[in-house]
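# sequence and predicted model, in that order:
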Amino acid sequence: MKLEPQVTFRDMEPSRAIEQAIREKAAKLDQFHDRITGCRIVVGAPHRHHQKGRLYNVRIDLTVPGGELVVNRDSGRAAAHHDVQVAIRDAFDAARRQLQEYARRRRGEVKTHAAEPPARVSKLFAAERYGFIETSDGREIYFHGNSVVDGFDRLTLGTRVHFTEEEGQQGPQASTVRVVHGSAA
């Protein structure tokens, strides 16, 4: 790690033992990404429930080349966070997973999915900025103009497109609609 981690305690007394444990876990993150340029950890106990005891949350902000990774283990989501050590362990486990995924993306090792066969624009309502795509299996999928990556105004009936399908409020809809280049209607 390029800089010493910054450890902050909120709504609780600082503890040298907890801080030392955090610093050791932060140092181990270098095993998963060796170019971490900053690390801020906040440990807090904002809830003061008399019947349940204290609940802890841990936030880790990691600065890496090209971005920042944030882990926020909120006590409201896990009953196990009655123990500060468990909250810290869970937060650093999540940070490790995020760093590993970030490193894979940077190396270009992200899984690619098989491309859907091109579909075509079957209906177009230019004034209202939406339309329908006919898939290779004959289904019609709604899309909104904001979903068109290359610009809604470039579309004409018959334009071949690739898209990502998701479930909308009224059934399937297309998002991330991309024109298949070299596809004249």
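All right, it came through fine.
# report the rounded mean pLDDT for the helix or strand containing Ala17.
Using DSSP states H and E, Ala17 falls within helix 16-28. What helix 16-28 shows for mean pLDDT is 94.
# likewise stretch 3-11?
90.
# that stretch: end-to-end distance?
25 Å (Cα to Cα, to the nearest Å).
# can you give the distance of it from its chain's centre?
Remark: stretch 3-11 is offset 24 Å from the chain centroid, using Cα atoms, centre = their mean, to the nearest Å.
# same thing with stretch 25-45?
For stretch 25-45, the distance to the chain centre is 19 Å (Cα atoms, centre = their mean).
# run through who's touching it.
Stretch 25-45 is contacted from outside by 1-3, 5-12, 18, 22, 54-65, 75, 84, 87-89, 91-92, 95-96, 99-100, 102-103, using Cβ atoms under 8 Å, 6 or more residues apart in numbering. Where you see a C-beta, it was placed from the backbone N, CA and C, and this is true even at glycine.
# same question for stretch 93-105.
Leu29, Phe32, His33, Ile36, Ile60, Leu62, Val64, Gly67, Leu69, Val71, Arg73, Val110.
# closest to Ala174 among these?
When the contacts of stretch 93-105 are compared for distance to Ala174 (Cβ to Cβ), Val110 wins out at 22.1 Å.
# report pLDDT for that closest one.
Reading off the model, Val110 has pLDDT 61.
# domain-wise, how is this protein divided?
6-107, 119-179 (automatic domain parsing).
# quick one: mean pLDDT over the last one.
Pointing back at domain 119-179 there. 88.
# over to that domain now: how far is its first residue from its last?
Terminal residues of domain 119-179 are spaced 10 Å apart (Cα to Cα).
# now swap in the first one and tell me
Chord length of domain 6-107, first to last residue, is 28 Å (Cα to Cα).
# save the domains of the chain as JSON lines, and put in mean neighbour count too.
Shown next, in JSON lines, are the domains of the chain (neighbours: other Cβ atoms under 10 Å):
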{"stretch": "domain 6-107", "mean neighbour count": "16"}
{"stretch": "domain 119-179", "mean neighbour count": "15"}
